[in-house]
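**Student:** no sequence for this one, just the structure:
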């Protein structure tokens, strides 16, 4: 049997953890739009159900939708934003996603 070679052991370089979401894509905004159909209490309930928010946060966003015509609900990766939009649409809310600027 041949003698083992004196080769240096491989080393691993440690790199500081980076927010991969920020490096790969700018993110996508989930936006809910006002509509004349859904009641404010129902919109609050849907926000609590879909996002797991407490009542106060859900009501804040519901009032933005009602008073300003829209509310930016969250900023996520494309896949997660798309999932949230589909969940909101499944509950009959008008929701879209838009690429975030930064």
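**Tutor:** All right, it came through fine. Computed from a prediction, not measured in an experiment: that's the story for all the values here.

**Student:** in this protein, which spans are strands?
**Tutor:** Listed in chain order, the strands found in the chain under DSSP state E are 28-33, 70-76, 94-99.

**Student:** helices or strands up against the first one?
**Tutor:** When contacts are defined as 3 or more CB pairs under 8 Å, 6 or more residues apart in numbering; DSSP states H and E, strand 28-33 packs onto helix 55-68, strand 70-76, helix 78-90, strand 94-99. Using the backbone N, CA and C atoms, a C-beta is placed for each residue, glycine as well.

**Student:** direction included, what does the shortest one pair up with?
**Tutor:** Spelled out, it's strand 94-99. Sheet pairing here is set by DSSP bridges, and for strand 94-99 it gives strand 28-33 (antiparallel).

**Student:** coming back round to it: between the strands of the chain, which gets nearest to residue 85?
**Tutor:** Between residue 85 and the strands of the chain, the tightest spacing by CB to CB is seen for strand 94-99, at 4.8 Å.

**Student:** that closest one - what's its average pLDDT?
**Tutor:** Summarised as a single mean, pLDDT over strand 94-99 is 96.

**Student:** got a list of contacts for that strand?
**Tutor:** Strand 94-99 has contacts (CB atoms under 8 Å, 6 or more residues apart in numbering) with 26-35, 73, 78, 81-82, 84-85, 88-89.

**Student:** no more questions from me, cheers.
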